[in-house]
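Student: Everything below, folded, please.
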Amino acid sequence: MPDVQYLINVDRSINLRDVKKPDGPLSAREAAAFLGVKLETLYAYVSRGRLKSLSGTRGRARRYARSELEALRARSAGPAASALRFGDPVLETRITEMTAGGPLYRGRAALELARARVPFASVAELLWTGELPARAPVWPAGPSDWPVRELAKLVPRGCPPLLAVAIVRPVLAARDAERFDARPEAVLERARRLIPRLAAAFAFAHDPRRVGPALATNDPARALAIALGAPTTKPALELLNLALVLLADHELNASTFAARVAASTGADLYACLGAALAALSGPLHGGASEQVEMLAREAGSAAGAAAAVHDRMRRGERIPGFGHVLYPGGDPRVGPLFEAARRLAPRAPRVKTIAAIVDAMAEAGRALPNIDVALACTCAALDLPPGQGPAIFAIGRAAGWVAHILEQYDEGYVLRPRARFVGSERSPAG
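Tutor: Below you'll find the predicted structure:
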């Protein structure tokens, strides 16, 4: 942390305009003022390896690169500044606890719920109410008066699944005259209707004729399978349910935080889910399974997996789907889902290629796979078109989003973190 007393008694002889110059190395005194520490502290940073110094020219004292100082200041700014960078907790929750063995949904291990084949709708109710239903809940089936033809004209065939939902969601919101009712019981009733409808909406990206059959079921997993064109056999639906349960919540990830920020302003459920879906669409979040599929296509077959992985390594490129900050010992959600996908379609070429990529990474001593690899393998086992992983991710995570939206409504404050200005000086007036 910066020395607060030093900041108060900062040496007035230092030209702060020079300290803020955008280019050129800084002197020791300038660097200390930039960091808000004493000279002794600056030298301690160097001796401890936290900061590198540059040799001065023509006998001048050592200098310090501004980029190095900015990085150190960001690292040393304390929990409040680092928390938004996968750092310390920033708010309290009663929903999900993160452990080395995976998330606990209201005190129940997600992996145990998944292995027990608890229906996704039951897990959603657990996240929302804190109680696991003794029997699978019966959510209402979709309406028969959906403007399917009109919506089909708006959604380009073959578009990314999240784009289809982004188009349909506002229409559903506009048709719900009670959408601003934020009472918990009203939000829950709306969520039970909405999640299967969002699952059915993915059909617009593939075949609008699937929308009706998808809406007719009150099972979100079956609705999703129908919409995506996946098999509706018992083993296939069990695999899909397993994925939805393991994806249901993961504490304060980017999309969940986006939903909570929207909820903190009093936005309705549709708007909060829209914020979450927008965050999920990023390639560093919900779109990561697509990148795993791209790597598998690059490999071409199981035989080409090792070469594809080594080529990426040689080029210094990131291997998608491997490593997770929260799970240095490996993502515990991978095992059940990955193995279930391989059991369903052990001879499927795409499944074998993804498995070979995992083996190649292990042989290279690299990071272990995370849930995105398992999700890509699930899509391959279900023989889905490329790019459908985000659809499964969205429906699964919607359960957690709703739980966090309700919790944020109850908190009753606006999420509005502050920023530390580190830009250049103001331009002269006039």
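
Student: For stretch 34-41, list the C-alpha coordinates in PDB.
Tutor: Coordinates of the C-alpha atoms in stretch 34-41 are reproduced here as PDB (Å, rounded to 0.1, in the frame of the first residue of the first chain):
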ATOM      1  CA  PHE A  34       4.400   8.600  -8.800                       C
ATOM      2  CA  LEU A  35       4.000   5.600  -6.500                       C
ATOM      3  CA  GLY A  36       3.300   7.700  -3.400                       C
ATOM      4  CA  VAL A  37       6.100   6.100  -1.400                       C
ATOM      5  CA  LYS A  38       9.400   7.200   0.200                       C
ATOM      6  CA  LEU A  39      12.700   6.900  -1.700                       C
ATOM      7  CA  GLU A  40      13.700   4.100   0.800                       C
ATOM      8  CA  THR A  41      10.500   2.200  -0.100                       C
END
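
Student: what about the longest helix in the chain?
Tutor: Residue-count comparison of every helix in the chain, with assignments taken from DSSP state H, identifies helix 389-411 as the longest.

Student: give me phi/psi at residue 105?
Tutor: Residue 105 has phi and psi values of phi -90, psi 110 when expressed as degrees, to the nearest 10.

Student: Kindly report the same for the one 3 residues further on.
Tutor: The phi and psi values for residue 108, taken as degrees, to the nearest 10, are phi -110, psi 130.

Student: repeat for residue 63
Tutor: When quoted as degrees, to the nearest 10, the phi and psi of residue 63 stand at phi -120, psi 170.

Student: How about residue 97?
Tutor: Backbone phi and psi, for residue 97 under degrees, to the nearest 10, turn out to be phi -110, psi 130.

Student: Distance-wise, check the most centrally placed residue in the chain relative to residue 319.
Tutor: Most central residue of the chain, judged by C-alpha distance to the mean C-alpha position with CA atoms, centre = their mean, is residue 285 at 3.8 Å. Residue 285 sits 17 Å away from residue 319, going by CB to CB, to the nearest Å. Quick note: C-beta positions are derived from backbone N, CA and C, even for glycine.

Student: how about low-confidence regions in the stretch 51-200 of the chain?
Tutor: 56-60, 74-89 (pLDDT under 70).

Student: how near is the nearest residue to the residue nearest to the centre of the chain once chain neighbours are set aside to residue 160?
Tutor: Once its chain neighbours are removed from consideration, residue 285 has its nearest residue in residue 254; the separation is 5.1 Å (CB to CB, 6 or more residues apart in numbering). Distance, residue 254 to residue 160, using CB to CB: 18 Å.

Student: and if you look at residue 372?
Tutor: Plainly put, residue 372 is 16 Å away from residue 160 if you go by CB to CB.

Student: Can you give me the domain assignment for the protein?
Tutor: For the chain, the domain assignment from automatic domain parsing gives the residue ranges 4-82, 92-414.

Student: Just name the most buried of these.
Tutor: domain 92-414 (a mean of 19; mean count of other CB atoms under 10 Å).

Student: Distance across that one, terminal residue to terminal residue?
Tutor: Distances were taken as CA to CA, to the nearest Å; on that basis the terminal residues of domain 92-414 are 14 Å apart.

Student: Contact partners for residue 332?
Tutor: With CB atoms under 8 Å, 6 or more residues apart in numbering as the criterion, the residues that contact residue 332 are 100-102, 111.

Student: ok, now with 10 Å
Tutor: Taking CB atoms under 10 Å, 6 or more residues apart in numbering as the criterion, residue 332 is in contact with 99-103, 109-111, 246, 324, 371.

Student: go on, residue 222?
Tutor: 196, 199, 213-214, 216, 230, 232, 236-237, 240-241.

Student: re earlier: columns distance to residue 420 on top of the domains of the chain, output as a markdown table?
Tutor: Compiled in a markdown table, those are given as follows (distance: least, CB to CB, whole Å):
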| stretch | distance to residue 420 |
| --- | --- |
| domain 4-82 | 6 |
| domain 92-414 | 19 |
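
Student: So which of the ones you listed is nearest residue 423?
Tutor: Between residue 423 and the domains of the chain, the shortest gap by CB to CB is with domain 4-82, which sits at 8.6 Å.

Student: and residue 395, how far is that from residue 196?
Tutor: Here the distance between residue 395 and residue 196 works out to 9 Å (CB to CB).

Student: what does residue 380 give?
Tutor: The spacing between residue 380 and residue 196, counted by CB to CB, is 25 Å.

Student: and the strand or helix carrying residue 275, what other elements does it pack with?
Tutor: Under the assignment given by DSSP states H and E, the secondary-structure element containing residue 275 is helix 269-280. Helix 269-280 is packed against helix 161-174, helix 184-201, helix 254-264, helix 389-411, with contacts defined by 3 or more CB pairs under 10 Å, 6 or more residues apart in numbering; DSSP states H and E.
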